[in-house]
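S.K.: need coordinates for the following:
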Amino acid sequence: MNILAISEMSLFKKLIIRGKNGTLGGIETNHKNLMRGLRKRGHRIIENKAFPKGQSPDIIICPTFGPISILMIWFYKRKYNCACVQHAHTTQDDMAGGFLPDVLVKYAGTYLKHLYKFSEIIITPSVFSKENLTRLEIPTRPPIYPVSNGVNLAKFKFSERKREEFRQYLNDQHEIDKDRKVILCVSVLWERKGVDVFYHVAKQFPEYEFVWVGNYITAKKLKERYDDLPNITFTGFVDDIVACYCGADAFFFPSRAENQGIPLLEAAACKLPILCRNLPTYSWLKDGIHCLKRDDLNGFVSGLKEIMAGENLRNQLINNALDNVQQHDINKIINQVERIYKRAIKLRRRLLEMQHER
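M.R.: Next up is the predicted model:
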C-alpha cells in the first residue's frame, strides 16, 4: 500500500515539549509502532507531505485530533480522492483534565464529530472508546473497529540488568536507596491521570517510594502541588522506559479516563503486578486475575497492601497478565490494521465506481 500518514506530532512536540526530550504519550507510541511495523512489511509511507508528481496514495491515515489534522485530511482527500482511516485515540470523555482549557472541553463532542466524518473506517483502541464514538453520531456513520494499541513484546520484557540500571538511576539522580520498594506510575502528568490519588496513597505508605515517570513540562504547577512528600518523586522523561518498569515492584495507575491504557500493557509485559482504577475501558483486564481494580482512595490503599504483602497474589497477577498481554503483541495488531486499511480502500473504490456509473 501507498500510505499518506498525517499527524501533528512534530508540531505538538515543538509547542508542548519545546524541543526537550520526551514523548506525547500513548498516541505517539502507537503511531510510531505502526509506522515502523508497516514499513518493515514493505508498505510505502510518506508523512505530512504530498506524494511525488504523478503518484498518489491508496489511503490517508491520521492519529491526531488538532485543527491542522482536519485541514490536511480535507485537502489531501480532495486532492487524491482516496480512502481515509483515522485512529481515534481521542474521545470526549478523555479530553477533560488534559491540556485543553476547560472552556473548550464542552465543545469537544461537536469538534470530534466533524473531525471523524472524513473516514471510510475509524480504528479505536477499545470497545469502550467505540461506544463513546458511536454516541457522537458522526454524520457520515463510518464503521468503527476496536483494535488494541498493542505493545512491542520484543522490547517490553523483564530484565534484571535493566532493573539494576533503574535502581542505580534513582539512587544517583534522586537519592533513593536501592533496596527500597518502588511503586511506579508511567504517564504524562495531567490532572485526569490521578496524581492527587497517587499522592494521597503515598502518604499512607512512607515505607515505599512512589515514582511517577513522565513529562510534566505542561503541568509544572501540578507537580509542585504534589511534590512535598519525602517518598514521592517525579522524574520527568526517562530515556529507557523499559528499565523503569523492570526496576519497580508494583504498578499503580489511578487515571480517571483512558481509552485503553498503554502503560498497563507495558507493565504487564514487564512482569509488574498492577493496581488500577475500575474503569469500563479496562474490560480486557479481569479484576483479581490480571490486576486489582479499585474505585476510591481506601480501595487503592487496601489493594496496594494486598499486592505488596501477598507473594502468591503477586505471582498470580503477574503470570496471568503476562499471558493476557500476548494477544496484544504489536505484530498481531499490525495484521488487523493492514486488513482494515485494505477494507477501507475497497470501500472507497466501490463508492467511486457507483458514482461513476450514475
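S.K.: which positions in stretch 275-282 come out as buried?
M.R.: Of the residues in stretch 275-282, 275-277, 279, 281-282 count as buried by neighbour count, 16 or more other Cβ atoms under 10 Å. Where C-beta positions appear, they are placed from N, C-alpha and C, glycine not excepted.
S.K.: out of the residues you listed, what pair is the most spread apart?
M.R.: Largest separation among those by Cβ to Cβ: Leu275 and Thr281, giving 16.1 Å.
S.K.: from the buried residues of stretch 275-282, which ones fall inside helices?
M.R.: If you go by DSSP state H, the buried residues of stretch 275-282 have nothing in helices.
S.K.: of those residues, closest to Tyr111?
M.R.: Nearest to Tyr111 among those: Thr281, at 21.1 Å, using Cβ to Cβ.
S.K.: wait, that closest one touches Ile262, no?
M.R.: No. Contact status for Thr281 versus Ile262: not in contact, 11.8 Å apart, counting by Cβ atoms under 8 Å.
S.K.: what segments of the stretch 151-300 of the chain are strands?
M.R.: Using DSSP state E, counting those that start in this stretch, the strands of the stretch 151-300 of the chain run over 182-186, 209-213, 232-236, 250-253, 274-277, 292-294.
S.K.: who touches stretch 320-336?
M.R.: 33-34, 37-38, 41, 145, 147-153, 265, 267-269, 271, 273-274, 284-285, 289-291 (Cβ atoms under 8 Å, 6 or more residues apart in numbering).
S.K.: picking that back up, looking at the buried residues of stretch 275-282, which is nearest Asn319?
M.R.: Proximity of the buried residues of stretch 275-282 to Asn319 (Cβ to Cβ) peaks at Leu275, which lies at 16.4 Å.
S.K.: may I have the beta-bridge partners of that closest one?
M.R.: For Leu275, the beta-bridge partners are Phe252, Leu292 (DSSP bridges).
S.K.: now for it: which residues touch it?
M.R.: With contacts defined as Cβ under 8 Å, 6+ apart, the neighbours of Leu275 are 250-253, 291-292, 294, 300, 303-304, 307.
S.K.: show me which of the residues you listed is closest to Ala83.
M.R.: Closest approach to Ala83 among the contacts of Leu275 (Cβ to Cβ): Phe253, at 35.5 Å.
S.K.: for that closest one, which non-adjacent residue is closest in space?
M.R.: Spatial nearest neighbour of Phe253, excluding adjacent residues (Cβ to Cβ, 6 or more residues apart in numbering): Cys276 at 4.4 Å.
S.K.: re the thing from before, of the contacts of stretch 320-336, just the buried ones, PyMOL syntax please.
M.R.: Listed next is the PyMOL selection for buried residues among the contacts of stretch 320-336, using 16+ other Cβ under 10 Å:
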select buried, resi 33+34+37+38+145+147+148+149+150+151+152+153+265+267+268+269+271+273+274+284+285+290+291
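S.K.: this completes my enquiry, with thanks.
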